[in-house]
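K.L.:
No letters, just coordinates:
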C-alpha cells in the first residue's frame, strides 16, 4: 500500500501496515477493503462507500438489506 494510514473503505478498520485484503476500483480510484464482507458491501453500493459513507455496524448494514417476502417463512 502506498498510503501508510489507510482504513477499510466500508467499516473503517485500520489497515496500517497490514496490506489490507483487496483494493476495489470505482471511477478509476482504488478503495481498500479488509475482508470478504466489506468487499461484498462495497460492490453492492460503490458510489455510497466511495463518497465516504459508512454503516453504523456491518451487522446493521446486512440486516437492512434483508427483506422477507413472506413473514414467518424461512
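P.N.:
Nice, I can see it. Since this is a predicted model, take the numbers as computed values, not measurements. Residues are numbered from 1 along each chain as shown.
K.L.:
Going by C-alpha atoms from here, please, whenever you check contacts or count neighbours.
P.N.:
OK.
K.L.:
Residue 63 should be in a helix, yeah?
P.N.:
Yes: according to DSSP: H, G, I helix; E, B strand; the rest coil, residue 63 belongs to a helix.
K.L.:
What separation do you get for it and residue 57?
P.N.:
Computed with C-alpha to C-alpha, to the nearest Å, the distance linking residue 63 and residue 57 is 10 Å.
K.L.:
try residue 36
P.N.:
Taking C-alpha to C-alpha, one finds residue 36 at 15 Å from residue 57.
K.L.:
give me the low-pLDDT residue ranges for the protein?
P.N.:
Within the chain, the ranges that satisfy pLDDT under 70 run 1-5, 19-20, 65-74.
K.L.:
how about a cut-off of 80?
P.N.:
1-5, 17-21, 55-74 (pLDDT under 80).
K.L.:
what ranges do the helices span in it?
P.N.:
Using DSSP state H, the helices of the chain run over 36-44, 46-50, 58-65.
K.L.:
Make JSON lines out of these and add mean neighbour count and distance to residue 6.
P.N.:
Below are the helices of the chain laid out as JSON lines (neighbours: other C-alpha atoms under 10 Å; distance: least, C-alpha to C-alpha, whole Å):
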{"stretch": "helix 36-44", "mean neighbour count": "16", "distance to residue 6": "15"}
{"stretch": "helix 46-50", "mean neighbour count": "16", "distance to residue 6": "14"}
{"stretch": "helix 58-65", "mean neighbour count": "11", "distance to residue 6": "19"}
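K.L.:
okay, those in CSV with distance to residue 21 next?
P.N.:
Listed next are the helices of the chain as CSV, based on distance: least, C-alpha to C-alpha, whole Å:
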stretch, distance to residue 21
helix 36-44, 8
helix 46-50, 16
helix 58-65, 17
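K.L.:
and residue 17, which of those helices is closest to it?
P.N.:
Of all the helices of the chain, helix 36-44 sits nearest to residue 17, with 18.5 Å by C-alpha to C-alpha.
K.L.:
now the angle from that closest one to helix 58-65?
P.N.:
Orientation check (axes from the mean of the first three to the mean of the last three C-alpha atoms, to 10 degrees): helix 36-44 against helix 58-65 gives 40 degrees.
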